[in-house]
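>>> what follows is a predicted structure for the sequence shown.
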Protein chains: 2
Amino acid sequence: MNILFIMYDQLRFDYLGCAGHPHLHTPNFDRIAALAVRFTNAYVQSPICGGSRMCFYTGRYASSHGAHWNGFPLRVGEQTLGDHLRKIGMSCHLIGKTHMTVDGEGMERLGLDAGSLIGVRTSECGFDPWVRDDGLWAEGPDGFYDERRSPYNEYLKSQGYDGTNPWADYANAGVRGGRIASGWFFDNTDLPANIREKDSETPWLTSEAIRFIDQAQGPWCAHLSYIKPHWPYIVPAPYHAMYGPEHVPPATRADAEREQAHPVYDAFMNGPVGRAFQDEQVRAKVIPAYMGLIKQCDDQLGRLLDHLEGTGRMQDTMIVLTSDHGDYLGDHWLGEKNLFHDPSVKVPLIIYDPRNAANSTRGTTCDALVESIDLAATFIEAAGGTVPDHIIEGRSLQPWLHGQTPLWRDYAISEYDFSATPVAVKLELEPRDCRLFMVFDGRYKLMHCAAPTLRNMLFDLATDPEELRDLAKTEAHRDIEAKLLAHLRDWGLRMSQRTTRSEDQIKAMRGASTAKGVLIHLKDGSEVDEKLTEKYRGFARQNHLTD
Amino acid sequence: MNILFIMYDQLRFDYLGCAGHPHLHTPNFDRIAALAVRFTNAYVQSPICGGSRMCFYTGRYASSHGAHWNGFPLRVGEQTLGDHLRKIGMSCHLIGKTHMTVDGEGMERLGLDAGSLIGVRTSECGFDPWVRDDGLWAEGPDGFYDERRSPYNEYLKSQGYDGTNPWADYANAGVRGGRIASGWFFDNTDLPANIREKDSETPWLTSEAIRFIDQAQGPWCAHLSYIKPHWPYIVPAPYHAMYGPEHVPPATRADAEREQAHPVYDAFMNGPVGRAFQDEQVRAKVIPAYMGLIKQCDDQLGRLLDHLEGTGRMQDTMIVLTSDHGDYLGDHWLGEKNLFHDPSVKVPLIIYDPRNAANSTRGTTCDALVESIDLAATFIEAAGGTVPDHIIEGRSLQPWLHGQTPLWRDYAISEYDFSATPVAVKLELEPRDCRLFMVFDGRYKLMHCAAPTLRNMLFDLATDPEELRDLAKTEAHRDIEAKLLAHLRDWGLRMSQRTTRSEDQIKAMRGASTAKGVLIHLKDGSEVDEKLTEKYRGFARQNHLTD
């Protein structure tokens, strides 16, 4: 079996037809969902691109691998999906984005050559890169956001798009009055991107995926990782015109949220992104573009599924669709992601398992509390391996796919490190205090901050599914806070770093030192089997060297 | 300045003259203490050789580096004292024992050649090995405890000692009736070891240290790491005859300890080592040998200090004396180490700083709550570096050495993983549940077990300095338990793995993405300085490629 692990970027859990969106129809997501299990309570371990992805790719919590945020390098030695899958005979490839930053200092310390196969894999988050393009080729006075060069830009240049950064000038810009109208500016997001639709990023990467699949020798795992519908919010025709302000749901927000708001939440609400998305004009332009980007993703998914069907790959390929986090889109007075309301931290997750064992669950949904780190475990099991649970912290979802009801976790954890953001500056916090933790037990959701001066946030999703009433503003629910905090603190003491010895290896060690002659309880040796002491008794000494 | 970092193995904190031992006079430990600060509350982070040393050498807690126990490999990539010191221009050498197990699988995964300089350092816990000898050349039916070959054994062979393992047959055995009388058997520990005193391990390693120092180009850090007074408890003449049963202090123990004992403590008490040390005949033979071994260490320390004085090295060398853990020696009905009573987890720590800034503290003691991980930080600061506090979890002791009174920690943590021991088998526990934690706040000491079925242990050292009354047997001190448990749980949520980005690097990141063109809040760009958006505005388009 192969694994096609498709990730979209910043795709909200509820912006799919099968998830109930009132205006956005996604027949191809729905088509795979009809063959698959759709998980309705899937949470990422960090609602930010880089941090979330390092959790997906290592199967470990952000606090376990340490790459909490965009640009924090994943340390050399941290094992990834690729390491685990190759060990059991499955190759592992990258087509698109990882947002992984290489630990260059660590590679230098260990003398790893970036050009060697091991060096490339270490630099590419354990994948063999078919094509790596993180999709964010922003430029400012201090240079490029991403210091690499973009294969997608090279493609555009080969197709006749001019300039040094056609990603910015064509793929992510419209034209107004004969001039570039950048997709960075929300005023321009209703324009069509100034690019042939077939040359835009989502079709380009889909073509790369098809090209990969057509030549691949299985069993393989391919991580097809799209940048879209992530900003810049601009999409080529005809997608730019498919949705309008009439398709934009009202923002989920309440005035009460702004009263006595938690300081971190307050700072995000009052930051420039939050303020922008509080503007209905912004939402009315941005959200139709966002929907158009998703619609384009859906069409390209259809193209890919058709190809898989046509080549027989549907029979031997597990297909997984998910996202690294959501997008507030103005809900809760916020834009972007970062915090732990469902629009940010909950993601779509659809898993199609071609095996007969999954027949009974096709087209169903599963409400189990899923963490994104579960995918690494699921893939290892699907590839025929045993999950190394002293390294991988997620749990295989295979039982759910196969109609079983395993004993499951009581709570999901997510983390967000805002230490590098302006919110940290505003609140005058040291980096190590800027760590937020979410604990969600399926009903109550707690946000806790490492800064000892900051209170918690608490929502009861049973009575307040839209998460508009922060119950931690009063004393009334301190018992619930304490209960969730106890979960968090149990989790804090989990064993996460003993990655060089498995549970089974340790069991095999028990008592082994005795059989290797470490005998630290014997008066004369008669206490144990003679065999254990034969090296230390019974034979005559020839030399007596004490002088 | 150089650093001579001397470690003894299994040396109890109270078996030194300067620490008040009634019968054991250690004029050379006392001589350096008179020039130094002696820390009276120094705790190791794990009372077991391998786990403790990995904490000393990484400056990190056992749960942070993951090598909790003997034989658990230190993962490739985990940074050590050597990595930190070399970066700031100080070489770092090993003379003796580390008890480090190499992460061979990790080295293979990263393609590290064990014979290269980087490979050797990775295999040797970050040190450049002058000589590595872990000092435990036990043999049983399953082979050697340590699969390496012993440089000390090679030395013995070169001096005419015969057989394949003169470590066992001469250095750690006496002679009785013309036959080998192994030092493994307590009945033989009153015999003199069948070896010329100058050829025994402590003088041999001291000679290696002198040989190293005489050729070393500074600044250097040398870890002189003796196996003694660790078992086998047997010492050559004249040390074997210096102490007798009359010098053995009564065991610190009470019948009450055996009543309603904590299951883990109970299992250790009733294990073979505990039972052996409950026998007064064993104590009467073993402890005099243990004292003789320490006395020999003291004499060899004198030899070393004389050499340093004679060569001018006392003026430019920081000298540190400590141990990796203690030895119960029958106290609390136990032998060996493992648990968290002071005889096991508290260690001697003497730091001589040759600089004038330390003149005011010479010959003093310091009661601050010190952790063994503080040494790595101390050494980095002594070498002129800045402690990378996103990696190193200990704190520099330099302020104490220089007469300052820094803000200090509220509690010390230690951990012990008994997952590979017979106690785990007896209690039928899975490896991950076999983790014990100590929290000591200077007065109360809590032992907590990861196994949810097991209660805590609690001692009040203010009213019960000998730790004979486990207060957690009753409900009376649940508030104190809760307070210490809260410390432990705070500690559990510490940031320990974000080792690729420092606090300062993160502060420098704040807002940097904006200057690199990530502009996710702009309606038309007028909101920000024009410079930030110049890449996205104001120039005409030649081609309009939308088809």
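Happy to help now that I have it. All values reported here derive from a predicted model rather than from experimental measurement. Numbers count the residues shown, from 1 in each chain, chains lettered A, B, ... in the order given.

>>> can you give me the neighbour number for A:P272?
By the criterion of other Cβ atoms under 10 Å in any protein chain shown, A:P272 has 16 neighbours. The way it works is simple: take the backbone N, C-alpha and C, and place the C-beta from them, glycine included.

>>> same deal with A:T405?
Count around A:T405 with other Cβ under 10 Å applied: 9.

>>> which SS state does the closest residue to A:I210 other than its chain neighbours fall under?
Sequence neighbours aside, A:H307 is the residue nearest to A:I210 in space, at 5.3 Å (criterion: Cβ to Cβ, 6 or more residues apart in numbering or on different chains). Using DSSP: H, G, I helix; E, B strand; the rest coil, the structure places A:H307 in helix.

>>> swap in A:F56?
What three-state DSSP gives for A:F56 is helix.

>>> what residues are up against it?
Taking Cβ atoms under 8 Å, 6 or more residues apart in numbering or on different chains as the criterion, A:F56 is in contact with A:M7, A:V44, A:L81, A:D324, A:S372, A:I373, A:L375, A:A376.

>>> mind redoing it with 7 Å?
By Cβ atoms under 7 Å, 6 or more residues apart in numbering or on different chains, the residues touching A:F56 are A:S372, A:L375.

>>> got it, and A:Y290?
A:P229, A:Y233, A:L329.

>>> surely the residue nearest to A:I210 is in contact with A:A209?
No - using Cβ atoms under 7 Å, A:H307 is not in contact with A:A209, being 8.7 Å away.

>>> dihedrals phi and psi, A:P399?
Phi and psi for A:P399, reported as degrees, to the nearest 10, are phi -60, psi -40.

>>> look up how far A:I32 lies from it.
Distance of A:P399 to A:I32, given as Cβ to Cβ, to the nearest Å: 20 Å.

>>> follow-up on the earlier one: pull out the buried members of the contacts of A:Y290.
By neighbour count, with 16 or more other Cβ atoms under 10 Å in any protein chain shown, the contacts of A:Y290 hold A:P229, A:Y233, A:L329 as buried.

>>> return the member of these nearest to chain B.
For these, the closest approach to chain B (Cβ to the nearest Cβ) belongs to A:Y233, at 9.2 Å.

>>> looking at A:H307 and A:A209, which is more packed in?
When A:H307 and A:A209 are compared for neighbours, A:A209 comes out ahead with 27 against 16, by other Cβ under 10 Å.

>>> tell me where the stretch 1-150 of chain A has helices.
A:27-33, A:49-58, A:62-65, A:81-87, A:104-109, A:117-123 (DSSP state H, counting those that start in this stretch).

>>> ditto for the stretch 251-400 of chain A
A:263-269, A:272-277, A:280-310, A:342-345, A:374-382, A:398-401.

>>> between the ones you listed, which gets nearest to B:E124?
helix A:374-382 (32.3 Å; Cβ to Cβ).

>>> what's the angle from the closest one to helix A:49-58?
Following axes from the mean of the first three to the mean of the last three Cα atoms, to 10 degrees, one obtains 20 degrees for the angle between helix A:374-382 and helix A:49-58.

>>> my read is that A:C366 contacts A:V37, right?
Yes - counting by Cβ under 7 Å, A:C366 touches A:V37, with 5.2 Å between them.

>>> tell me which of those two has more neighbours.
A:V37 (24 against 18).

>>> dig out what the more buried one forms beta bridges with.
Note on A:V37: beta-bridge partners by DSSP bridges are A:I351, A:T364.

>>> show me what contacts it?
Neighbour list for A:V37: A:I351, A:T361, A:T364, A:C366, A:W400, A:L401 [criterion: Cβ under 7 Å, 6+ apart].

>>> and the last one, how far is that from B:R121?
What that stands for is A:L401. A:L401 is 45 Å from B:R121, by Cβ to Cβ.

>>> output stretch A:171-178 in CSV, but only the C-alpha positions, please.
Extracted in CSV, the C-alpha atoms of stretch A:171-178 (Å, rounded to 0.1, in the frame of the first residue of the first chain):
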residue,chain,number,x,y,z
ALA,A,171,0.5,34.4,-9.1
ASN,A,172,-0.3,36.6,-6.1
ALA,A,173,-1.3,39.8,-7.8
GLY,A,174,-4.0,41.2,-10.0
VAL,A,175,-3.9,44.1,-12.3
ARG,A,176,-5.6,47.4,-11.8
GLY,A,177,-5.1,50.3,-14.1
GLY,A,178,-2.3,48.6,-15.9
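
>>> what mean pLDDT does that stretch get?
Stretch A:171-178 carries an average pLDDT of 93.

>>> same check on stretch A:184-197?
96.

>>> so is it next to chain B?
Yes - using Cβ under 7 Å from any Cβ of the partner chain, stretch A:184-197 reaches chain B at A:W184, A:F185, A:F186, A:D187, A:P192, A:N194, A:I195, A:R196.

>>> closest to B:Q315 among these?
The shortest approach to B:Q315 among these belongs to A:W184, at 63.2 Å (Cβ to Cβ).
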